[in-house]
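here's a sequence, model it:
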Amino acid sequence: MSTKSPKRGDRLKIVLIITALVVPGFLLGFISIIDRWAKMPAKFYIWAVILLVVAIAGGVIIALRMVKKEMALAQLKSDFVSNAAHELKTPLTSINMFAEMLLLKLYENDAEAEEYLRVIQKESNRLIRLVERVMDFSRIQKEFHYKQESISEVILSTVEIFRAQLVELDVKVNSHCCCQPGRWSASDRSYWFSKSLVTFCQKNFT
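Here you go, the predicted model:
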């Protein structure tokens with residue numbers, strides 16, 4: 001069993017549909033009120049017109065804000081993709097260049113060849129970090145899919161994934177979790193959060 005939140009585009013459609021349904025109904029109600037108030041003083045008509053204008057203006061403002069948010073989000077995605085493509089190209093170019101130099105034996109000694117290899121390794125690690133950032137951004141944009149799962153199992157499985165790397169760094173790993181089972185959570189985000197936490201500890205405390 002799972003639940004998911006509506007996308008931004010879906011929310012915009014819902015607002016527009018509600019506005020399209022409410023405004024005509026409000027107009028019909030307004031006409032009905034006019035029929036009933038035909039013998040009433042003019043001030044009632046003035047207040048009715050003011051209320052109508054406020055209701056229509058409110059619906060238009062809400063719709064415009066939703067459109068503005070959607071346009072800003074689209075621009076943000078476009079800028080992110082453009083920057084990511086540029087940043088991915090740079091390490092790939094370096095890796096390709098130094099790999100060709102090694103294949104063509106364009107080095108004077110073993111020390112220079114090892115330096116090329118170090119550059120390739122450095123750029124490869126940089127490429128991995130960039131790919132992880134793109135994947136994290138993709139996970140953030142995904143819908144929430146909630147299901148009942150054991151948070152303890154998610155955390156412990158994440159620790160086990162990193163255990164070998166931590167042991168190589170001479171880090172003692174003690175994993176214990178007292179989370180109650182059967183919690184509702186977004187599985188992908190639970191794993192991403194626990195993975196980010198372990199990665200942070202690995203980078204800053206080793």
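
and the helix or strand encompassing Ser152, which residues are buried?
Per DSSP states H and E: Ser152 is located in helix 151-168. Judged by neighbour count using 16 or more other CB atoms under 10 Å, the buried positions of helix 151-168 are 151-152, 154-156, 158-159, 162, 166. Where C-beta positions appear, they are placed from N, C-alpha and C, glycine not excepted.

now do stretch 50-57
52, 55.

what's the answer for stretch 79-91, then?
87, 91.

what about that stretch, average pLDDT?
Across stretch 79-91, pLDDT averages out at 80.

ok, residues contacting that stretch?
Contacts made with stretch 79-91 from outside it, assessed by CB atoms under 8 Å, 6 or more residues apart in numbering, are listed as 123-124, 126-127, 130-131, 133-134, 137.

ok, 6 Å please
123, 126-127, 130, 134 (CB atoms under 6 Å, 6 or more residues apart in numbering).

any chance of the residues you listed in TSV, plus neighbour count?
Below are these laid out as TSV (neighbours: other CB atoms under 10 Å):
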residue	neighbour count
Glu123	19
Arg126	16
Leu127	17
Leu130	17
Val134	16
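
roughly how far apart are His86 and Arg133?
Using CB to CB, to the nearest Å, His86 is found at 13 Å from Arg133.

what about Met97, how many neighbours?
Met97: 14 surrounding residues under other CB atoms under 10 Å.
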